[in-house]
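K.L.:
Pasting the sequence and the predicted coordinates here, then a few questions.
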Amino acid sequence: MNGAASPGVFYRQTVDYEEGNNSCFLLQSPIYSQQYSQIYFCRLAALRKEVESSARSKWTGNVLFVDRLLHLQQGVDCVIFGVLYKEMDLKPSILKEYSKNPAEPVPVLPVRPSFTSDTDTVILEDETGRIRLNFENCSFGADTFLTGTVIAIKGQETPSGDFSVDDICFPGIPSLTIPYSLENDVFVMFVSGIGLGATWNIPMREAMFLDFISGKLGNEEDYRFCSQIAHLFVLGNLLCDVGQETLMKKLQEQQTVNAGQQFFNAEHLISADRFLTTLLSTIPVTLLPGEMDPTNFLLPQQPLHPCLLPSSSKYISLRRVTNPYQCQVNGRNILACSGQNVDDACRYSKFDWNSVEDRLLIMENFLNYRHLCPTAPDTLPCYPYYEEDPFVLKECPHIFVAGNQPAYGTRLIESAGTKVCLLCVPDFSTTGQVVLLNLRTLTSQVMEFMIDLSS
Amino acid sequence: MQRGRITAYGKAKRNSAKASKDKKQKQKTVVTNIQEREQEERILKEFDLNYQFGPCVGIGRLTRWKRAQSLGLNPPKIVLEILERRGSEVDEDLFQTYKNLI
């Protein structure tokens, strides 16, 4: 269905869309009584064999592989396995707020910049114990590590009780299926951070975007190009967190605050509904929730409720899904997330917050660690799973997308002869950019909707 | 009349002997029951405190066994048998009984 039946009429291409294994991300009857030690145990148990096999293939010499930290002997060159924990002074800790010393000021903790400082220590833990790591003999620093990653470490225990590190090994990129080749160019569009209701939002940009998708913008060549875009992924932050401002304004106007009064402004939700309805009549949409959307805060975020988007939910072309989300489009596995995990990992290192190259490195590292969000549940809130850790990557996706990033960035990495595309999708409300991915070649391009207000 | 009484007396005595025999048997079964239960408790405690199957606090024993099974850790089958036999108490962890003291 990719040509014109009669001159001037273009039909949108269709793709084979299959839902991935997302049942582990849907919380059916959540219980919050268990502790987070369960999820760490499940993570280590799931990845222990993988990290051991990659460690054995990396260090083939005569090194002792120690089963548990409890059985560690001093002075012997050995390999230990476990989960990393990074102690950082600047990390938000609820214990500091309840400090018994009233003279000690409650530290105002930075949210955007990193938590790293020079006094960071890294500790390796497993079911039986923990040991502090010492990086004097190797080239790594504490900055390269994230809490919650499963790792194999070669070195020896020092008389002072910590472990001197020589070399490290991660589980490595998981196995990949080779997708079938496509004949024609088929595009998938990613947009994130539309931010309806934000004060810095320019409504004309959204109108331009809607017109482009519906095929009303441009000339015949543009219509033909638009007909090749088969699916749209909205990666979070369809709405924006403006509720606080209107609430504060109203509180200032009134002298007394009535607890019964609700200042909820439903305008933005209604406009989001209208926006989606216009989109859905021309293109199938997969909607992921983001940090500012009206759904739960813990990862995995649950799909937006159909009552919030009443007219859009009537369309079968709308898929309301979890964050993170897996699916298969024309045989290519896509792993999409709204970017909270990448943002959080950025705080654990000295990376520049706005540097896309560093964020692509973080995403590549996630594939190497075989975990989608290793910093959960430490600084990134997540549900206290106790049966299995669903964020462990058992299979490598062909396309790994993170939304709400500071800028557009893409990288192609090779694994087992197949290409894997890492994609950072920028925030639409500030940049006006959307990303188009060609499924045949796994190359991407950015399209910017810009309005020149000076002329 | 005396005979009746004697018979009655004899019967009563026989009854009481039977009663005491039953009572002794009951005591024996109670004792073996207690011993069995103690042994079962010991096996369950060992399962709870085994670090290979993860933390035992905040998760029921049956759930923990099933999780260990699905993660491929080979938990002992006898624990599953005991838990299934017990029925109602399956999902209590080791420290459940002490929770009320806190």
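P.N.:
All right, it came through fine.

K.L.:
buried ones in the longest helix seen in chain A?
P.N.:
Using DSSP state H, we find that the single longest helix of chain A is helix A:37-58. By 16 or more other Cβ atoms under 10 Å in any protein chain shown, the buried positions in helix A:37-58 come out as A:37-48, A:50-52, A:54-55. Using the backbone N, CA and C atoms, a C-beta is placed for each residue, glycine as well.

K.L.:
And for stretch A:232-242?
P.N.:
For stretch A:232-242, by 16+ other Cβ under 10 Å, it's A:232-240, A:242.

K.L.:
now swap in stretch A:200-219 and tell me
P.N.:
Residues of stretch A:200-219 classed as buried: A:201-202, A:205-206, A:208-209, A:212-213, A:215, A:217 (neighbour count, 16+ other Cβ under 10 Å).

K.L.:
quick one, what contacts residue 64?
P.N.:
All of this is about chain A. A:76-79 (Cβ atoms under 8 Å, 6 or more residues apart in numbering or on different chains).

K.L.:
actually it's chain B I care about, not the one you picked
P.N.:
B:48, B:53-54, B:56, B:93.

K.L.:
Rebuild those residues as JSON lines, extending it with distance to residue A:440.
P.N.:
What follows is these, written out as JSON lines (distance: Cβ to Cβ, whole Å):
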{"residue": "B:48", "distance to residue A:440": "55"}
{"residue": "B:53", "distance to residue A:440": "47"}
{"residue": "B:54", "distance to residue A:440": "45"}
{"residue": "B:56", "distance to residue A:440": "52"}
{"residue": "B:93", "distance to residue A:440": "54"}
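
K.L.:
Relative to residue A:123, which of the residues you listed is nearest.
P.N.:
Top of the list for closeness to residue A:123, among those and by Cβ to Cβ, is residue B:54 at 19.1 Å.

K.L.:
I'd like to know how far the closest residue to the closest one other than its chain neighbours sits from residue A:202.
P.N.:
Distances taken as Cβ to Cβ, 6 or more residues apart in numbering or on different chains place residue A:41 nearest to residue B:54, at 3.8 Å, with adjacent residues excluded. As judged by Cβ to Cβ, to the nearest Å, residue A:41 and residue A:202 stand 49 Å apart.

K.L.:
Kindly report the same for residue B:72.
P.N.:
Distance, residue B:72 to residue A:202, by Cβ to Cβ: 54 Å.

K.L.:
Repeat that for residue B:52.
P.N.:
58 Å.

K.L.:
Ok, residue A:152 next?
P.N.:
Per Cβ to Cβ, residue A:152 is found 50 Å from residue A:202.

K.L.:
what do you get for residue B:81?
P.N.:
67 Å.

K.L.:
What residues does chain A have near chain B?
P.N.:
Counting by Cβ under 8 Å from any Cβ of the partner chain, chain A comes close to chain B at A:33-35, A:37-38, A:41-42, A:45-46, A:68, A:127-128, A:386-388.

K.L.:
where along the stretch 351-455 of chain A do the strands fall?
P.N.:
Ranges of strands in the stretch 351-455 of chain A, per DSSP state E, counting those that start in this stretch, are A:399-405, A:409-415, A:418-426, A:433-438, A:443-448.

K.L.:
Would you mind putting those strands into JSON lines with mean neighbour count and mean pLDDT alongside?
P.N.:
As requested, the strands of the stretch 351-455 of chain A are exported to JSON lines (neighbours: other Cβ atoms under 10 Å in any protein chain shown; pLDDT from 0 to 100):
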{"stretch": "strand A:399-405", "mean neighbour count": "27", "mean pLDDT": "95"}
{"stretch": "strand A:409-415", "mean neighbour count": "16", "mean pLDDT": "92"}
{"stretch": "strand A:418-426", "mean neighbour count": "23", "mean pLDDT": "94"}
{"stretch": "strand A:433-438", "mean neighbour count": "21", "mean pLDDT": "94"}
{"stretch": "strand A:443-448", "mean neighbour count": "15", "mean pLDDT": "93"}
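
K.L.:
Ok, which of those comes nearest residue A:146?
P.N.:
strand A:399-405 (15.4 Å).

K.L.:
who are the neighbours in contact with residue A:415?
P.N.:
A:173, A:176, A:396.

K.L.:
Which one of the residues you listed is nearest to residue A:349?
P.N.:
Nearest to residue A:349 among the contacts of residue A:415, with distances taken as Cβ to Cβ, is residue A:173, at 20.2 Å.

K.L.:
Tell me if I'm right that the closest one and residue A:366 touch.
P.N.:
No. Here residue A:173 lies out of contact with residue A:366, judged by Cβ atoms under 8 Å, at a distance of 10.0 Å.

K.L.:
Neighbour count for the two, which is higher?
P.N.:
The neighbour count for residue A:173 versus residue A:366, taken as other Cβ atoms under 10 Å in any protein chain shown, is higher for residue A:366 (26 against 20).

K.L.:
sorry, back to before: buried subset of the contacts of residue A:64?
P.N.:
A:78-79.

K.L.:
Let me have the contacts of residue A:64 in CSV, adding secondary structure and pLDDT as columns.
P.N.:
Shown next, in CSV, are these (DSSP: H, G, I helix; E, B strand; the rest coil; pLDDT from 0 to 100):
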residue, secondary structure, pLDDT
A:76, coil, 88
A:77, coil, 90
A:78, strand, 92
A:79, strand, 94
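
K.L.:
farthest pair in the contacts of residue A:64?
P.N.:
Top of the distance list for the contacts of residue A:64 (Cβ to Cβ): A:76 and A:79, 10.6 Å.

K.L.:
For chain B, what's the nearest residue on the stretch 151-300 of chain A?
P.N.:
Per Cβ to the nearest Cβ, residue A:171 is where the stretch 151-300 of chain A lies closest to chain B, at 15.6 Å.

K.L.:
low-confidence ranges in the chain?
P.N.:
Defaulting to chain A. A:1-8, A:97, A:99-112, A:242-264, A:454-455 (pLDDT under 70).

K.L.:
Hmm, no, I was thinking of chain B.
P.N.:
Low-confidence segments of chain B (pLDDT under 70): B:1-20, B:28, B:88-97, B:100, B:102.

K.L.:
Near chain A, which residues of it? Just list them.
P.N.:
B:51-52, B:54-55, B:57-59, B:63, B:66-67, B:70-71, B:73.

K.L.:
run the last query once more with 6 Å
P.N.:
Contact residues, chain B versus chain A (Cβ under 6 Å from any Cβ of the partner chain): B:51, B:54-55, B:58-59, B:67, B:71.

K.L.:
Narrow the residues you listed to those that are buried.
P.N.:
Counted by 16+ other Cβ under 10 Å, the residues of chain B next to chain A give B:54-55, B:58-59, B:67, B:71 as buried.

K.L.:
Report the two of the residues you listed separated the most.
P.N.:
With Cβ to Cβ as the measure, no two of those lie farther apart than B:58 and B:71, at 17.4 Å.

K.L.:
if we can go back for a sec, most widely separated two among the residues of chain B next to chain A?
P.N.:
Farthest pair in the residues of chain B next to chain A, by Cβ to Cβ: B:58 and B:71, 17.4 Å.

K.L.:
Show me the helices in the stretch 1-150 of chain A, by range?
P.N.:
If DSSP state H, counting those that start in this stretch is used as the criterion, the helices of the stretch 1-150 of chain A fall at A:37-58, A:94-97.

K.L.:
mind putting these in a markdown table, distance to residue A:448 included?
P.N.:
Output for the helices of the stretch 1-150 of chain A, formatted as a markdown table (distance: least, Cβ to Cβ, whole Å):
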| stretch | distance to residue A:448 |
| --- | --- |
| helix A:37-58 | 40 |
| helix A:94-97 | 42 |
